[in-house]
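# I'd like to go over a predicted model; first the sequence, then the structure.
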Amino acid sequence: MTETSEQPIRARMAPSPTGPLHIGTARTSLYNYLFARHFGGTYVLRIEDTDLARGTADFERDIIDNLHWLGITWDEGPQVAEGEDIGPFGPYRQSNRSALYAAEAARLLASGGAYHCWCTPQELEAVRREQEAAKEAPRYNGRCLRLTDAERAQFVAEGRQPAIRFKVAPEVVRFDDLIRGEVEFDNSLLGDFIIVRGDGTPLYHFVVVIDDEKMRISHVLRGEDHLSNTPKHIALIRALGYREPQFGHIPLILNADRSKMSKRKSQTSVTAYRDEGYLPEAMVNFLAFLGWSPGTEEEIFTLDDLIARFDLAHVHKGGAIFDKDRLDYLNGIYIRSLTDEQLALRLRPFLPDGLDDEAVLRVVPLIKERLVKLADARELVAFLTETDDEVAARYDVAALVPKGRSLADAATALQAAREVLAELTAADFAADVLEGRCRAEAERLGWKAGDFFRPQRVAITGRSVSPPLFGSMELLGRDRVLARLDAALRKATLQESLA
RNA sequence: GCCGCAUUCGUCUAGAGGCCUAGGACACCGCCCUCUCAAGGCGGAGAUCACCGGUUCGAAUCCGGUAUGCGGUACCA
């Protein structure tokens, strides 16, 4: 396979801190990580913060934190936001590498591989419009390549700051994409492009090539949106005398309408999913399968499983829609695979402080298989922290009444249950005991158990959907259960007397 | 417009010429279980493998064309 070249494998992720960690970036980072780890290679994090205003520190922090959250680790690069770089090829933030870029630009200028361009944005825009009107490919017309010394002097005198433009050789560029196979482009269609702005800051296409070379990157796995950019990069690589890494372009993650996943149409920040209570295990498993499969029917994979099994041969070529239903399903699987102790720990940040750690651990068995996301726990356990009044205020008396029964019936059942439960001591208030008593009572009265339990469920939790009734009662304790039953009884009789 | 890439159930996918009357999973529907809701079990529906034409005894799989979608075409990354 092509991926096992003699070169040591070095892969990288190169996020730009222009926003919080994006789902697409996370997936690309994951694939690179899996690839590097699978082959025992080195993984590098490079922050692409060329020419970005301040305020990016927060985004860098978000990106690094969330990559860590996903379980992705790297051998070189900043390990924490604003932290020191680790690794022999730093600095790993492009904002700290300006001198390198300037030197390489000067080298290209000296060799004739690039030239100064004095054209203003307005002039370029005008040319572009003309070309479009003439139905030509819009590309640089090469004016500044043919400038006379006098013209050049004139621009300098005007105080114009030249950009640096790369001279693209008009040749067909071919490369063997790790995922798509042989791809070829005609670079004569490209036109010379700018690599350094008039203000001296370098552009993406230029710095990415320099950094990948200087950081000895052997394999560049990136989104398919870069496929068309690759011939530019190869042209630059050749002009600079660099070694060509292997390129692989992975399919895009799509919005529901099949366009490239975007903030406008989808929830794209990893943090947002994290805040909803998705588990990193589920996220990783889900993301990995958006564009890759092991080639079998297995579908539950931990990060380590993925490292062991990941291969480029099974990476798809077509894009994949981000299907939240499937993420939900996987999240449930991973939630249920945790021990109660582990789940309690993960639930902690999602639950009110009023519930102590002990209480959280006790309620976990009741809600575990009812959780799609960790945040769902809030509503499920609310009855524990709500006051008796708050619970009573949540429901209408009609909710107490089982189908086919009257309010008077419900009151009777409630009263009967109250009496049976009141006989128990606080110490005997255990789910199995409670259930036994209530079932016996239902039978004695000739009620179906489910119907008999309904008014109690509503009275105790304030909701007609709740965790298992008797477990809930046990957690609440004798006094509060009786108080809530009494409150329900009062509501019912009050209603009856009004009727 | 030009260039490039892609195209199997609604979705994620298995599939590398005969094992495919196309398999799994999610979602959906039904039944079972059941104190509600879930979880779980069982079953159902759902894809003329984008289309057309080749190659071949045989094509979802190979070739060509078309269509559609997406991406790129910036002094964005």
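Structure received. Just so it is clear, the structure is predicted and the values come from calculations on it, not from any experiment.
# What residues sit buried inside the helix or strand of chain A with the lowest mean pLDDT?
In chain A, the helix or strand scored least confidently by mean pLDDT, DSSP states H and E is helix A:121-133, which has a mean of 82. Judged by neighbour count (16 or more other C-beta atoms under 10 Å), helix A:121-133 contains these buried residues: A:124, A:127, A:131. Using the backbone N, CA and C atoms, a C-beta is placed for each residue, glycine as well.
# ok, and of the residues you listed, which contact RNA strand B?
Among the buried residues of helix A:121-133, the residues within reach of RNA strand B (C-beta under 7 Å from any atom of the strand) are A:Leu124.
# Let me know the closest of the buried residues of helix A:121-133 to RNA strand B.
Proximity of the buried residues of helix A:121-133 to RNA strand B, judged by C-beta to the nearest atom of the strand, is greatest for A:Leu124, which lies at 5.7 Å.
# quick one: that closest one from A:Val173, how far?
When C-beta to C-beta, to the nearest Å is the yardstick, A:Leu124 and A:Val173 sit 24 Å from each other.
# Also A:Arg370?
Spatial separation of A:Arg370 from A:Val173 under the definition C-beta to C-beta is 56 Å.
# same thing with A:Glu341?
From A:Glu341 over to A:Val173 the distance is 57 Å, taken as C-beta to C-beta.
# The two: which has the busier surroundings?
More neighbours sit around A:Val173 than around the other of A:Glu341 and A:Val173, counting by other C-beta atoms under 10 Å; the figures are 19 against 10.
# Pull out the CA atoms of the host helix or strand of the more buried one and give them to me as PDB.
Assigned by DSSP states H and E, A:Val173 belongs to strand A:172-177. Backbone C-alpha positions of strand A:172-177 (Å, rounded to 0.1, in the frame of the first residue of the first chain) are rendered in PDB as follows:
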ATOM      1  CA  VAL A 172      -0.300  19.300 -16.300                       C
ATOM      2  CA  VAL A 173       0.000  18.200 -12.700                       C
ATOM      3  CA  ARG A 174      -0.700  14.700 -11.800                       C
ATOM      4  CA  PHE A 175      -0.700  13.100  -8.400                       C
ATOM      5  CA  ASP A 176      -1.900   9.800  -6.900                       C
ATOM      6  CA  ASP A 177      -4.500  10.600  -4.300                       C
END
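# so what strands line up beside that strand?
Within its sheet, strand A:172-177 is paired with strand A:181-186 (antiparallel), according to DSSP bridges.
# Could I get the full set of helices for the stretch 301-450 of chain A?
For the stretch 301-450 of chain A, applying DSSP state H, counting those that start in this stretch gives helices covering A:303-309, A:324-337, A:340-347, A:357-367, A:377-385, A:388-394, A:407-422, A:431-445, A:449-461.
# Give me whichever of the ones you listed is most buried.
Highest mean neighbour count of these: helix A:449-461, a mean of 23 (counted as mean count of other C-beta atoms under 10 Å).
# Show me what from the stretch 101-250 of chain A comes close to RNA strand B.
The stretch 101-250 of chain A comes close to RNA strand B at residues A:117-121, A:124, A:128, A:135, A:137-140, A:163, A:180-181, A:183-186, A:189, A:191, A:193-194, A:197-199, A:203-205, A:224-229, as judged by C-beta under 7 Å from any atom of the strand.
# ok, of those residues, which come out buried?
With burial judged by 16+ other C-beta under 10 Å, the buried subset of those is A:117-119, A:124, A:139-140, A:163, A:180, A:183, A:185, A:191, A:193-194, A:198, A:203-205, A:224, A:226-227.
# who's in contact with the residue nearest the centre of chain A?
For chain A, the residue nearest the mean C-alpha position is A:Val270 (2.8 Å; C-alpha atoms, centre = their mean). Applying C-beta atoms under 8 Å, 6 or more residues apart in numbering, one finds that A:Val270 lies in contact with A:20-23, A:26, A:66, A:69-70, A:283.
# Secondary structure and pLDDT added to those, as JSON lines?
Formatted as JSON lines, the contacts of A:Val270 follow (DSSP: H, G, I helix; E, B strand; the rest coil; pLDDT from 0 to 100):
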{"residue": "A:Pro20", "secondary structure": "coil", "pLDDT": "94"}
{"residue": "A:Leu21", "secondary structure": "coil", "pLDDT": "95"}
{"residue": "A:His22", "secondary structure": "strand", "pLDDT": "95"}
{"residue": "A:Ile23", "secondary structure": "helix", "pLDDT": "96"}
{"residue": "A:Ala26", "secondary structure": "helix", "pLDDT": "97"}
{"residue": "A:Asn66", "secondary structure": "helix", "pLDDT": "97"}
{"residue": "A:Trp69", "secondary structure": "helix", "pLDDT": "97"}
{"residue": "A:Leu70", "secondary structure": "helix", "pLDDT": "97"}
{"residue": "A:Met283", "secondary structure": "helix", "pLDDT": "97"}
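# and RNA strand B, which of the residues you listed contact it?
Filtering the contacts of A:Val270 for proximity to RNA strand B (criterion: C-beta under 7 Å from any atom of the strand) leaves nothing.
# Next, format the residues you listed as CSV and append neighbour count.
Shown next, in CSV, are the contacts of A:Val270 (neighbours: other C-beta atoms under 10 Å):
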residue, neighbour count
A:Pro20, 19
A:Leu21, 25
A:His22, 22
A:Ile23, 22
A:Ala26, 26
A:Asn66, 23
A:Trp69, 16
A:Leu70, 22
A:Met283, 25
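# of those residues, closest to RNA strand B?
RNA strand B lies nearest to A:His22 out of the contacts of A:Val270, by C-beta to the nearest atom of the strand, at 10.0 Å.
# which residue packs closest to that closest one, ignoring adjacent ones?
Excluding the flanking residues, the one nearest A:His22 by C-beta to C-beta, 6 or more residues apart in numbering is A:Thr268, at 5.1 Å.
# Tell me how far that neighbour lies from A:Ile64.
For A:Thr268, the distance to A:Ile64 under the criterion C-beta to C-beta works out to 18 Å.
# again with A:Leu178
Taken as C-beta to C-beta, the spacing of A:Leu178 relative to A:Ile64 amounts to 27 Å.
# Then A:Asp356?
For A:Asp356, the distance to A:Ile64 (C-beta to C-beta) stands at 33 Å.
# Verify the stated contact: A:Gly471 with A:Pro365.
Yes - taking C-beta atoms under 8 Å as the contact criterion, A:Gly471 and A:Pro365 are neighbours in contact, 7.4 Å apart.
# before we move on, the earlier item: reformat the helices of the stretch 301-450 of chain A as JSON lines; add mean pLDDT and distance to RNA strand B.
Below are the helices of the stretch 301-450 of chain A laid out as JSON lines (pLDDT from 0 to 100; distance: least, C-beta to the nearest atom of the strand, whole Å):
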{"stretch": "helix A:303-309", "mean pLDDT": "96", "distance to RNA strand B": "12"}
{"stretch": "helix A:324-337", "mean pLDDT": "97", "distance to RNA strand B": "4"}
{"stretch": "helix A:340-347", "mean pLDDT": "97", "distance to RNA strand B": "14"}
{"stretch": "helix A:357-367", "mean pLDDT": "96", "distance to RNA strand B": "8"}
{"stretch": "helix A:377-385", "mean pLDDT": "96", "distance to RNA strand B": "8"}
{"stretch": "helix A:388-394", "mean pLDDT": "95", "distance to RNA strand B": "14"}
{"stretch": "helix A:407-422", "mean pLDDT": "95", "distance to RNA strand B": "12"}
{"stretch": "helix A:431-445", "mean pLDDT": "95", "distance to RNA strand B": "6"}
{"stretch": "helix A:449-461", "mean pLDDT": "96", "distance to RNA strand B": "4"}
